[in-house]
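[1] Generate coordinates for the sequence data below:
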Amino acid sequence: MNASNPITIDGKIYDKFSLHLAITGKYLANGSTEASVAMRLVPTRIENGEVITADEAAKGIALGSLEGADETTQQAVGAIQAGLQTYIQAKGL
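    Residues are numbered from 1 along each chain as shown. A predicted model of the protein is given here:
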């Protein structure tokens, strides 16, 4: 993932993020859906063919529920879920 605001650590620019992502989706009894999200963005740069990460500067996001999440977060989770639905259909699952 490309960083929208690259960071500088020890004079080196980290312009990418390595992504760790977990989304748990479920149906509720009323037919609506709910999800929890855990995401870790690790600043990353590539220098001379070597991938270098700054794990100590990682940003973590954890949501136990989408209830009350801001619109941007809800849209992002919706886009990911839509992509996964396309995958499930394409694979005939």
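[2] And the strands in the protein?
    2-9, 12-27, 33-47, 50-53, 59-63 (DSSP state E).
[3] between those, which one is nearest to residue 79?
    Residue 79 lies closest to strand 12-27 among the strands of the chain, at 11.2 Å (CB to CB). In short, each C-beta sits where N, CA and C put it, glycine included.
[4] now that closest one, how far from the chain's geometric center?
    In terms of CA atoms, centre = their mean, to the nearest Å, the centre of strand 12-27 is set 3 Å apart from its chain centre.
[5] From the contact counts, what lies against that strand?
    Under the contact criterion of 3 or more CB pairs under 8 Å, 6 or more residues apart in numbering; DSSP states H and E, strand 12-27 touches strand 2-9, strand 33-47, strand 50-53, helix 71-90.
[6] Now mean neighbour count and mean pLDDT too, for these, in CSV please.
    Shown next, in CSV, are the helices and strands packed on strand 12-27 (neighbours: other CB atoms under 10 Å; pLDDT from 0 to 100):
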stretch, mean neighbour count, mean pLDDT
strand 2-9, 11, 97
strand 33-47, 16, 96
strand 50-53, 11, 98
helix 71-90, 12, 94
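[7] what's the closest of those to residue 62?
    Among the helices and strands packed on strand 12-27, strand 33-47 sits nearest to residue 62 (CB to CB), with 5.0 Å.
[8] re the thing from before, and the strands of the chain as JSON lines, adding distance to residue 89?
    Converted to JSON lines, those look like this (distance: least, CB to CB, whole Å):
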{"stretch": "strand 2-9", "distance to residue 89": "28"}
{"stretch": "strand 12-27", "distance to residue 89": "16"}
{"stretch": "strand 33-47", "distance to residue 89": "17"}
{"stretch": "strand 50-53", "distance to residue 89": "33"}
{"stretch": "strand 59-63", "distance to residue 89": "26"}
